[in-house]
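J.: structure for this input, please:
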Amino acid sequence: MGGKTTTTTTTGYSVRSSADCPDCNLIYEGHTLAMPCSLAVSGLKEAPMGTRGGAWGVRGLERCGTVQRGAVPCRAVRCHAMLCHAMGPCKAVLLGLLLGALGAAACGSHSLRYFKTRMTDPGPGMPQFVIVGYVDGELLWNYNSLCRTVRPIMGWLPQEDQEHWDAETKKARDVELDFYEFLGRLQVHYNKSGGSHTLQKMIGCDILEDGSIRGYVQYAFDGRDFLAFDMDKMTFTAADAVAEISKRRWEEEGIYTEGCKHELGTICVQNLRRYLEHGKAVLKRRERPEVRVWGKEANGILTLSCRAYGFYPRPIAISWMKDGMVRDQETHWGGIVPNSDGTYHASAAIDVLPEDGDKYRCRVEHASLPQPGLFSWEPQPNLIPVVAGVVVTTVAVIASVIGLVVWKSKSGKEKKKSYEAAAGHDRESSVSAMVIV
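T.: Numbering: from 1, shown residues only. The predicted structure follows:
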(Lines give C-alpha, C1' and ligand atoms only; values in the text may rest on other atoms or scores of the structure.)
Protein backbone atom coordinates (compact mmCIF):
# COMPACT_ATOMS: atom_id res chain seq x y z
CA MET A 1 0.00 0.00 0.00
CA GLY A 2 3.02 2.26 0.36
CA GLY A 3 4.21 4.32 3.29
CA LYS A 4 4.87 3.40 6.87
CA THR A 5 2.04 1.67 8.67
CA THR A 6 1.07 0.98 12.25
CA THR A 7 -1.38 -1.71 13.33
CA THR A 8 -3.64 -1.95 16.35
CA THR A 9 -5.86 -4.94 17.04
CA THR A 10 -9.42 -4.70 18.32
CA THR A 11 -12.32 -7.13 18.62
CA GLY A 12 -12.51 -9.16 15.42
CA TYR A 13 -10.46 -6.89 13.17
CA SER A 14 -7.40 -4.69 12.98
CA VAL A 15 -6.98 -1.07 11.93
CA ARG A 16 -3.88 -0.01 10.05
CA SER A 17 -3.10 3.69 9.66
CA SER A 18 -1.06 4.68 6.64
CA ALA A 19 1.50 7.48 6.57
CA ASP A 20 0.20 8.37 3.10
CA CYS A 21 -3.06 9.49 4.68
CA PRO A 22 -2.94 9.85 8.49
CA ASP A 23 -6.68 10.56 8.62
CA CYS A 24 -7.61 7.30 6.88
CA ASN A 25 -7.72 3.79 8.26
CA LEU A 26 -7.59 0.41 6.55
CA ILE A 27 -9.89 -2.09 8.22
CA TYR A 28 -8.75 -5.68 7.79
CA GLU A 29 -10.78 -8.80 8.36
CA GLY A 30 -9.71 -10.73 11.44
CA HIS A 31 -11.07 -14.11 10.36
CA THR A 32 -13.55 -15.65 7.94
CA LEU A 33 -16.60 -14.20 9.69
CA ALA A 34 -15.14 -10.79 10.41
CA MET A 35 -16.25 -7.58 8.75
CA PRO A 36 -15.04 -7.53 5.13
CA CYS A 37 -14.64 -3.78 4.86
CA SER A 38 -11.72 -1.84 3.49
CA LEU A 39 -11.26 1.93 3.57
CA ALA A 40 -8.32 3.01 1.48
CA VAL A 41 -6.86 6.21 0.11
CA SER A 42 -8.38 7.10 -3.25
CA GLY A 43 -6.19 6.05 -6.14
CA LEU A 44 -4.25 3.30 -4.39
CA LYS A 45 -4.05 -0.12 -5.99
CA GLU A 46 -6.35 -2.91 -4.89
CA ALA A 47 -5.09 -4.92 -1.96
CA PRO A 48 -5.06 -8.73 -2.16
CA MET A 49 -8.12 -10.53 -0.82
CA GLY A 50 -7.85 -13.70 1.24
CA THR A 51 -10.07 -15.89 3.36
CA ARG A 52 -7.95 -15.31 6.45
CA GLY A 53 -6.21 -12.03 7.03
CA GLY A 54 -5.32 -9.44 4.43
CA ALA A 55 -7.38 -6.54 3.14
CA TRP A 56 -10.32 -6.92 0.83
CA GLY A 57 -10.05 -5.26 -2.58
CA VAL A 58 -11.45 -1.74 -2.86
CA ARG A 59 -13.87 -1.87 -5.78
CA GLY A 60 -16.41 0.82 -4.88
CA LEU A 61 -16.42 3.81 -7.24
CA GLU A 62 -18.45 6.24 -5.13
CA ARG A 63 -16.78 8.16 -2.35
CA CYS A 64 -18.28 8.16 1.12
CA GLY A 65 -17.93 11.88 1.67
CA THR A 66 -18.06 13.13 5.23
CA VAL A 67 -18.49 10.42 7.85
CA GLN A 68 -20.54 11.39 10.87
CA ARG A 69 -21.51 9.88 14.25
CA GLY A 70 -17.89 9.42 15.32
CA ALA A 71 -17.06 6.78 12.73
CA VAL A 72 -13.64 6.13 11.25
CA PRO A 73 -12.29 9.39 9.73
CA CYS A 74 -12.79 9.04 6.02
CA ARG A 75 -11.19 11.68 3.79
CA ALA A 76 -11.23 11.00 0.05
CA VAL A 77 -11.75 7.29 0.48
CA ARG A 78 -13.64 4.51 -1.26
CA CYS A 79 -15.70 2.00 0.67
CA HIS A 80 -16.44 -1.60 -0.15
CA ALA A 81 -18.22 -4.55 1.44
CA MET A 82 -19.14 -3.45 4.94
CA LEU A 83 -20.54 -6.45 6.79
CA CYS A 84 -20.82 -6.74 10.55
CA HIS A 85 -20.58 -10.42 11.43
CA ALA A 86 -18.22 -10.77 14.33
CA MET A 87 -17.77 -7.46 16.02
CA GLY A 88 -19.05 -6.04 19.27
CA PRO A 89 -22.83 -6.35 19.78
CA CYS A 90 -23.23 -8.11 16.43
CA LYS A 91 -21.30 -11.16 17.54
CA ALA A 92 -23.81 -12.12 20.18
CA VAL A 93 -27.07 -11.46 18.36
CA LEU A 94 -26.67 -10.98 14.61
CA LEU A 95 -24.51 -14.00 13.95
CA GLY A 96 -26.94 -16.46 15.53
CA LEU A 97 -29.90 -15.08 13.59
CA LEU A 98 -27.86 -14.96 10.40
CA LEU A 99 -26.39 -18.46 10.47
CA GLY A 100 -29.65 -20.03 11.59
CA ALA A 101 -31.72 -18.44 8.83
CA LEU A 102 -29.26 -19.03 6.00
CA GLY A 103 -29.83 -22.77 6.17
CA ALA A 104 -33.61 -22.49 6.28
CA ALA A 105 -34.29 -23.13 2.58
CA ALA A 106 -35.05 -26.72 1.73
CA CYS A 107 -32.72 -28.70 -0.50
CA GLY A 108 -33.52 -28.10 -4.19
CA SER A 109 -35.26 -24.78 -3.50
CA HIS A 110 -33.83 -21.26 -3.82
CA SER A 111 -33.82 -18.50 -1.24
CA LEU A 112 -33.28 -14.77 -0.96
CA ARG A 113 -32.67 -13.25 2.50
CA TYR A 114 -32.10 -9.70 3.71
CA PHE A 115 -30.70 -9.09 7.21
CA LYS A 116 -31.12 -5.58 8.58
CA THR A 117 -29.50 -4.45 11.82
CA ARG A 118 -29.57 -1.18 13.74
CA MET A 119 -27.24 -0.73 16.74
CA THR A 120 -27.16 2.17 19.19
CA ASP A 121 -23.51 1.61 20.13
CA PRO A 122 -21.69 -0.48 17.49
CA GLY A 123 -18.22 0.62 18.58
CA PRO A 124 -15.62 3.00 17.13
CA GLY A 125 -15.58 3.04 13.36
CA MET A 126 -18.52 0.68 13.04
CA PRO A 127 -21.76 1.47 11.18
CA GLN A 128 -24.92 1.91 13.20
CA PHE A 129 -27.02 0.37 10.44
CA VAL A 130 -26.21 -2.56 8.15
CA ILE A 131 -28.10 -4.53 5.48
CA VAL A 132 -26.74 -7.69 3.88
CA GLY A 133 -28.46 -9.72 1.17
CA TYR A 134 -27.93 -13.44 0.56
CA VAL A 135 -29.06 -15.64 -2.32
CA ASP A 136 -28.90 -19.39 -1.67
CA GLY A 137 -26.66 -18.68 1.32
CA GLU A 138 -24.10 -16.66 -0.69
CA LEU A 139 -23.40 -13.02 0.15
CA LEU A 140 -25.04 -10.94 -2.58
CA TRP A 141 -24.82 -7.24 -1.70
CA ASN A 142 -24.57 -4.97 1.31
CA TYR A 143 -25.33 -1.50 2.56
CA ASN A 144 -24.18 0.41 5.63
CA SER A 145 -24.70 3.76 7.27
CA LEU A 146 -21.14 4.87 6.52
CA CYS A 147 -21.18 4.69 2.73
CA ARG A 148 -25.00 4.67 2.36
CA THR A 149 -24.81 2.95 -1.02
CA VAL A 150 -25.81 -0.59 -1.98
CA ARG A 151 -22.78 -2.43 -3.30
CA PRO A 152 -23.03 -5.74 -5.20
CA ILE A 153 -20.53 -8.37 -4.03
CA MET A 154 -20.93 -11.31 -6.40
CA GLY A 155 -18.96 -10.89 -9.62
CA TRP A 156 -21.83 -12.15 -11.79
CA LEU A 157 -24.23 -9.40 -10.70
CA PRO A 158 -25.10 -6.89 -13.46
CA GLN A 159 -22.88 -3.94 -12.48
CA GLU A 160 -24.10 -1.88 -15.42
CA ASP A 161 -27.75 -1.97 -14.28
CA GLN A 162 -27.40 1.25 -12.32
CA GLU A 163 -31.17 1.84 -12.23
CA HIS A 164 -31.67 -1.34 -10.21
CA TRP A 165 -28.91 -0.51 -7.72
CA ASP A 166 -30.11 3.08 -7.36
CA ALA A 167 -33.58 1.78 -6.47
CA GLU A 168 -32.09 -0.64 -3.92
CA THR A 169 -30.02 2.21 -2.42
CA LYS A 170 -33.08 4.47 -2.06
CA LYS A 171 -35.03 1.67 -0.39
CA ALA A 172 -32.11 0.92 1.97
CA ARG A 173 -31.86 4.58 3.01
CA ASP A 174 -35.59 4.70 3.77
CA VAL A 175 -35.31 1.53 5.86
CA GLU A 176 -32.35 3.01 7.73
CA LEU A 177 -34.47 5.99 8.85
CA ASP A 178 -37.38 3.72 9.82
CA PHE A 179 -35.05 1.58 11.94
CA TYR A 180 -33.67 4.62 13.77
CA GLU A 181 -37.22 5.65 14.74
CA PHE A 182 -38.46 2.13 15.51
CA LEU A 183 -35.53 1.25 17.79
CA GLY A 184 -36.03 4.56 19.62
CA ARG A 185 -39.68 3.74 20.30
CA LEU A 186 -38.79 0.25 21.53
CA GLN A 187 -36.24 1.67 23.96
CA VAL A 188 -39.00 3.88 25.41
CA HIS A 189 -41.50 1.00 25.68
CA TYR A 190 -38.93 -1.30 27.30
CA ASN A 191 -37.60 1.55 29.47
CA LYS A 192 -34.07 1.02 28.18
CA SER A 193 -32.77 4.43 27.28
CA GLY A 194 -29.09 3.79 28.02
CA GLY A 195 -26.61 1.11 27.04
CA SER A 196 -26.19 -0.78 23.80
CA HIS A 197 -29.34 -2.01 22.04
CA THR A 198 -30.00 -3.77 18.76
CA LEU A 199 -32.96 -4.09 16.40
CA GLN A 200 -32.82 -6.81 13.74
CA LYS A 201 -35.07 -7.81 10.88
CA MET A 202 -34.86 -10.80 8.57
CA ILE A 203 -37.05 -10.71 5.47
CA GLY A 204 -36.88 -13.21 2.65
CA CYS A 205 -38.58 -15.62 0.30
CA ASP A 206 -38.13 -19.15 -1.03
CA ILE A 207 -39.07 -20.63 -4.37
CA LEU A 208 -39.66 -24.28 -3.59
CA GLU A 209 -39.12 -27.23 -5.90
CA ASP A 210 -42.81 -27.39 -6.79
CA GLY A 211 -42.83 -23.68 -7.73
CA SER A 212 -44.71 -22.52 -4.63
CA ILE A 213 -43.63 -19.43 -2.68
CA ARG A 214 -42.79 -19.11 1.00
CA GLY A 215 -42.10 -15.78 2.73
CA TYR A 216 -40.55 -14.70 6.04
CA VAL A 217 -40.52 -11.54 8.15
CA GLN A 218 -38.98 -11.73 11.63
CA TYR A 219 -37.97 -9.03 14.10
CA ALA A 220 -35.68 -9.30 17.13
CA PHE A 221 -34.87 -6.80 19.88
CA ASP A 222 -31.59 -7.20 21.77
CA GLY A 223 -31.21 -10.71 20.35
CA ARG A 224 -34.67 -11.94 21.45
CA ASP A 225 -37.71 -12.72 19.30
CA PHE A 226 -40.03 -9.76 18.91
CA LEU A 227 -42.45 -10.17 15.97
CA ALA A 228 -42.99 -12.69 13.16
CA PHE A 229 -45.27 -12.33 10.13
CA ASP A 230 -47.52 -15.15 8.90
CA MET A 231 -47.87 -14.62 5.14
CA ASP A 232 -50.85 -16.98 4.79
CA LYS A 233 -52.90 -15.61 7.69
CA MET A 234 -51.73 -12.00 7.17
CA THR A 235 -51.12 -11.66 10.91
CA PHE A 236 -48.19 -11.09 13.24
CA THR A 237 -47.14 -13.22 16.19
CA ALA A 238 -45.99 -11.14 19.18
CA ALA A 239 -43.39 -12.42 21.62
CA ASP A 240 -44.31 -10.14 24.54
CA ALA A 241 -46.55 -7.29 25.67
CA VAL A 242 -44.47 -4.59 23.97
CA ALA A 243 -44.58 -6.50 20.67
CA GLU A 244 -48.38 -6.66 21.03
CA ILE A 245 -48.49 -2.87 20.66
CA SER A 246 -46.89 -2.99 17.21
CA LYS A 247 -48.90 -6.08 16.26
CA ARG A 248 -52.26 -4.40 16.96
CA ARG A 249 -51.33 -1.16 15.22
CA TRP A 250 -49.96 -2.83 12.08
CA GLU A 251 -52.85 -5.26 11.76
CA GLU A 252 -55.53 -2.59 12.37
CA GLU A 253 -54.04 -0.20 9.83
CA GLY A 254 -53.58 -3.00 7.30
CA ILE A 255 -51.04 -1.04 5.27
CA TYR A 256 -48.04 -2.81 6.76
CA THR A 257 -49.49 -6.32 6.40
CA GLU A 258 -50.39 -5.65 2.77
CA GLY A 259 -46.94 -4.22 2.23
CA CYS A 260 -45.32 -7.35 3.67
CA LYS A 261 -47.41 -9.58 1.44
CA HIS A 262 -46.50 -7.56 -1.66
CA GLU A 263 -42.83 -7.44 -0.69
CA LEU A 264 -42.62 -11.19 -0.09
CA GLY A 265 -44.90 -12.52 -2.82
CA THR A 266 -43.94 -10.15 -5.63
CA ILE A 267 -40.82 -8.01 -5.22
CA CYS A 268 -38.70 -10.56 -3.34
CA VAL A 269 -39.63 -13.35 -5.77
CA GLN A 270 -38.91 -11.16 -8.81
CA ASN A 271 -35.49 -10.24 -7.43
CA LEU A 272 -34.70 -13.85 -6.56
CA ARG A 273 -35.54 -15.01 -10.10
CA ARG A 274 -33.48 -12.15 -11.50
CA TYR A 275 -30.45 -13.11 -9.43
CA LEU A 276 -30.84 -16.79 -10.24
CA GLU A 277 -30.83 -16.01 -13.95
CA HIS A 278 -27.67 -13.90 -13.74
CA GLY A 279 -25.85 -16.32 -11.42
CA LYS A 280 -27.13 -19.66 -12.70
CA ALA A 281 -23.63 -20.85 -13.66
CA VAL A 282 -22.51 -20.39 -10.05
CA LEU A 283 -25.70 -20.92 -8.06
CA LYS A 284 -26.64 -24.12 -9.91
CA ARG A 285 -23.25 -25.71 -9.26
CA ARG A 286 -23.54 -29.04 -7.46
CA GLU A 287 -20.93 -30.80 -5.32
CA ARG A 288 -21.90 -34.09 -3.64
CA PRO A 289 -21.11 -34.45 0.06
CA GLU A 290 -18.75 -37.12 1.32
CA VAL A 291 -20.32 -38.62 4.42
CA ARG A 292 -18.55 -40.33 7.32
CA VAL A 293 -20.20 -41.91 10.37
CA TRP A 294 -18.35 -42.96 13.51
CA GLY A 295 -19.07 -43.73 17.15
CA LYS A 296 -17.37 -43.22 20.50
CA GLU A 297 -18.44 -44.88 23.73
CA ALA A 298 -17.85 -43.40 27.18
CA ASN A 299 -19.55 -43.86 30.55
CA GLY A 300 -22.11 -46.24 29.14
CA ILE A 301 -23.21 -43.83 26.36
CA LEU A 302 -22.46 -44.23 22.65
CA THR A 303 -22.13 -40.93 20.75
CA LEU A 304 -22.79 -41.34 17.04
CA SER A 305 -21.45 -38.58 14.77
CA CYS A 306 -22.30 -37.96 11.13
CA ARG A 307 -20.26 -35.48 9.11
CA ALA A 308 -20.76 -34.35 5.50
CA TYR A 309 -17.76 -32.84 3.68
CA GLY A 310 -17.23 -30.79 0.52
CA PHE A 311 -20.81 -30.10 -0.57
CA TYR A 312 -22.31 -27.19 -2.52
CA PRO A 313 -24.69 -25.36 -2.43
CA ARG A 314 -24.90 -24.53 1.26
CA PRO A 315 -28.37 -25.84 2.26
CA ILE A 316 -28.23 -29.39 3.57
CA ALA A 317 -30.36 -31.49 5.91
CA ILE A 318 -28.64 -33.99 8.23
CA SER A 319 -30.76 -35.97 10.67
CA TRP A 320 -30.52 -39.13 12.75
CA MET A 321 -33.20 -41.80 12.42
CA LYS A 322 -34.07 -44.82 14.56
CA ASP A 323 -36.27 -47.55 13.12
CA GLY A 324 -37.29 -45.16 10.33
CA MET A 325 -38.30 -42.32 12.71
CA VAL A 326 -36.49 -38.97 12.75
CA ARG A 327 -34.95 -38.16 16.15
CA ASP A 328 -34.44 -34.39 15.81
CA GLN A 329 -35.11 -33.61 19.47
CA GLU A 330 -32.11 -35.70 20.54
CA THR A 331 -29.82 -34.53 17.72
CA HIS A 332 -27.05 -31.98 18.22
CA TRP A 333 -26.15 -30.06 15.05
CA GLY A 334 -22.74 -28.51 14.50
CA GLY A 335 -23.83 -25.90 11.94
CA ILE A 336 -22.87 -25.43 8.29
CA VAL A 337 -19.30 -24.17 7.97
CA PRO A 338 -17.51 -22.92 4.83
CA ASN A 339 -14.34 -24.56 3.52
CA SER A 340 -11.47 -22.72 1.87
CA ASP A 341 -12.44 -24.09 -1.58
CA GLY A 342 -15.95 -22.61 -1.49
CA THR A 343 -17.68 -25.81 -0.39
CA TYR A 344 -19.15 -26.52 3.06
CA HIS A 345 -19.11 -29.12 5.80
CA ALA A 346 -21.69 -29.91 8.47
CA SER A 347 -22.24 -32.45 11.23
CA ALA A 348 -24.88 -33.94 13.50
CA ALA A 349 -24.43 -36.10 16.61
CA ILE A 350 -26.71 -38.13 18.88
CA ASP A 351 -26.25 -39.98 22.20
CA VAL A 352 -27.66 -43.51 22.26
CA LEU A 353 -27.44 -46.75 24.24
CA PRO A 354 -24.52 -48.89 23.04
CA GLU A 355 -26.79 -51.86 22.35
CA ASP A 356 -28.98 -49.68 20.06
CA GLY A 357 -26.16 -48.33 17.92
CA ASP A 358 -26.98 -50.54 14.92
CA LYS A 359 -30.59 -49.28 14.88
CA TYR A 360 -29.62 -45.71 13.93
CA ARG A 361 -29.12 -44.26 10.44
CA CYS A 362 -27.80 -40.86 9.39
CA ARG A 363 -30.03 -39.30 6.73
CA VAL A 364 -28.41 -36.71 4.41
CA GLU A 365 -30.50 -34.64 2.00
CA HIS A 366 -28.77 -32.32 -0.47
CA ALA A 367 -29.49 -30.79 -3.88
CA SER A 368 -26.61 -32.79 -5.42
CA LEU A 369 -28.15 -36.13 -4.39
CA PRO A 370 -30.93 -37.70 -6.50
CA GLN A 371 -32.49 -38.94 -3.26
CA PRO A 372 -31.64 -38.71 0.45
CA GLY A 373 -28.75 -40.95 1.48
CA LEU A 374 -28.80 -43.25 4.52
CA PHE A 375 -25.54 -44.02 6.29
CA SER A 376 -25.03 -46.41 9.20
CA TRP A 377 -22.36 -46.83 11.84
CA GLU A 378 -20.28 -49.93 11.43
CA PRO A 379 -18.65 -50.70 14.79
CA GLN A 380 -15.08 -51.90 14.67
CA PRO A 381 -14.72 -55.55 15.78
CA ASN A 382 -13.14 -56.28 19.16
CA LEU A 383 -9.55 -56.87 18.17
CA ILE A 384 -8.21 -57.70 21.64
CA PRO A 385 -8.74 -61.49 21.39
CA VAL A 386 -7.38 -61.47 17.86
CA VAL A 387 -4.35 -59.44 18.84
CA ALA A 388 -3.81 -61.63 21.91
CA GLY A 389 -3.98 -64.75 19.75
CA VAL A 390 -1.54 -63.30 17.25
CA VAL A 391 0.85 -62.32 20.05
CA VAL A 392 0.67 -65.80 21.64
CA THR A 393 1.21 -67.45 18.27
CA THR A 394 4.09 -65.12 17.44
CA VAL A 395 5.74 -65.77 20.81
CA ALA A 396 5.32 -69.53 20.32
CA VAL A 397 6.86 -69.35 16.84
CA ILE A 398 9.77 -67.26 18.09
CA ALA A 399 10.30 -69.62 21.02
CA SER A 400 10.29 -72.61 18.63
CA VAL A 401 12.80 -70.91 16.35
CA ILE A 402 15.04 -70.03 19.27
CA GLY A 403 14.78 -73.61 20.60
CA LEU A 404 15.65 -75.02 17.19
CA VAL A 405 18.65 -72.71 16.90
CA VAL A 406 19.86 -73.64 20.39
CA TRP A 407 19.37 -77.35 19.68
CA LYS A 408 21.27 -77.13 16.42
CA SER A 409 24.02 -75.17 18.12
CA LYS A 410 24.43 -77.79 20.85
CA SER A 411 24.22 -80.62 18.33
CA GLY A 412 26.92 -79.02 16.23
CA LYS A 413 29.23 -78.62 19.21
CA GLU A 414 28.78 -82.28 20.23
CA LYS A 415 29.51 -83.43 16.69
CA LYS A 416 32.62 -81.26 16.63
CA LYS A 417 33.86 -82.73 19.89
CA SER A 418 33.27 -86.28 18.59
CA TYR A 419 35.11 -85.44 15.39
CA GLU A 420 38.06 -83.97 17.28
CA ALA A 421 38.20 -86.98 19.60
CA ALA A 422 38.17 -89.40 16.67
CA ALA A 423 40.85 -87.40 14.90
CA GLY A 424 43.06 -87.47 18.01
CA HIS A 425 42.67 -91.25 18.32
CA ASP A 426 43.69 -91.67 14.69
CA ARG A 427 46.76 -89.53 15.22
CA GLU A 428 47.74 -91.54 18.28
CA SER A 429 47.31 -94.79 16.34
CA SER A 430 49.49 -93.47 13.55
CA VAL A 431 52.21 -92.46 15.96
CA SER A 432 52.08 -95.82 17.69
CA ALA A 433 52.31 -97.56 14.35
CA MET A 434 55.28 -95.49 13.41
CA VAL A 435 57.01 -96.38 16.67
CA ILE A 436 56.25 -100.06 16.27
CA VAL A 437 57.61 -100.10 12.77
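J.: low-scoring stretches of the stretch 301-437 of the chain, by residue?
T.: Within the stretch 301-437 of the chain, the segments meeting pLDDT under 70 span 381-397, 399, 401, 403-437.
J.: which stretches of it form strands?
T.: In the stretch 301-437 of the chain, the strands defined using DSSP state E, counting those that start in this stretch lie at 301-311, 316-322, 325-326, 331-338, 344-352, 360-366, 373-376.
J.: near L146, how many other residues are there?
T.: L146 has 25 neighbours, counted by other CB atoms under 10 Å. Any C-beta I mention is one placed from the backbone N, CA and C, and that applies to glycine too.
J.: from memory it sits against P122, does it?
T.: No - here L146 lies out of contact with P122, judged by CB atoms under 8 Å, at a distance of 10.4 Å.
J.: who touches both of those two?
T.: Residues touching both L146 and P122 (CB atoms under 8 Å, 6 or more residues apart in numbering): none.
J.: ok, back up a step: any chance of the strands of the stretch 301-437 of the chain in TSV, with distance to Q270 and mean neighbour count too?
T.: Converted to TSV, the strands of the stretch 301-437 of the chain look like this (distance: least, CB to CB, whole Å; neighbours: other CB atoms under 10 Å):
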stretch	distance to Q270	mean neighbour count
strand 301-311	29	19
strand 316-322	27	19
strand 325-326	35	10
strand 331-338	27	14
strand 344-352	28	20
strand 360-366	27	21
strand 373-376	35	14
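J.: save those as TSV, and put in distance to K233 too.
T.: TSV is the format used below for the strands of the stretch 301-437 of the chain (distance: least, CB to CB, whole Å):
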stretch	distance to K233
strand 301-311	35
strand 316-322	26
strand 325-326	27
strand 331-338	29
strand 344-352	32
strand 360-366	28
strand 373-376	36
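J.: what is the mean pLDDT for stretch 176-193?
T.: Regarding stretch 176-193, the rounded mean pLDDT is 94.
J.: quick check: buried residues in it?
T.: Neighbour-count burial for stretch 176-193 flags E176, F179, F182, L183, L186, Q187 (criterion: 16 or more other CB atoms under 10 Å).
J.: closest one of these to I131?
T.: Nearest to I131, judged by CB to CB, of the buried residues of stretch 176-193 is E176 at 8.1 Å.
J.: A strand includes the closest one, no?
T.: No - with DSSP: H, G, I helix; E, B strand; the rest coil as the criterion, E176 is helix rather than part of a strand.
J.: excluding its backbone neighbours, what's nearest it?
T.: Excluding the flanking residues, the one nearest E176 by CB to CB, 6 or more residues apart in numbering is F129, at 4.7 Å.
J.: now R214
T.: R214 sits nearest to D206 (CB to CB, 6+ apart), 4.4 Å away.
J.: mind listing the residues bridging to the one you found?
T.: With DSSP bridges as the criterion, D206 is bridged to S111, R214.
J.: so what pLDDT did it get?
T.: Model confidence at D206 (pLDDT) stands at 94.
J.: is it true that it touches S111?
T.: Yes - under the criterion of CB under 8 Å, D206 makes contact with S111 at 4.8 Å.
J.: the two - which one has more neighbours?
T.: Higher neighbour count among D206 and S111: S111, with 26 against 22, using other CB under 10 Å.
J.: next, the contact list for the more buried one, please.
T.: A104, A105, Y134, V135, D136, G137, G204, C205, D206, I207, L272, P315 are the contacts of S111 under CB under 8 Å, 6+ apart.
J.: so which of these is the closest to P370?
T.: Using CB to CB, P315 comes nearest to P370 of the contacts of S111, at 16.2 Å.
J.: what is the neighbour count of that closest one?
T.: 24.
J.: per the record, what domains does this protein have?
T.: 1-81, 82-281, 290-376 (automatic domain parsing).
J.: now render those domains as JSON lines, adding distance to S400.
T.: Formatted as JSON lines, the domains of the chain follow (distance: least, CB to CB, whole Å):
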{"stretch": "domain 1-81", "distance to S400": "60"}
{"stretch": "domain 82-281", "distance to S400": "62"}
{"stretch": "domain 290-376", "distance to S400": "39"}
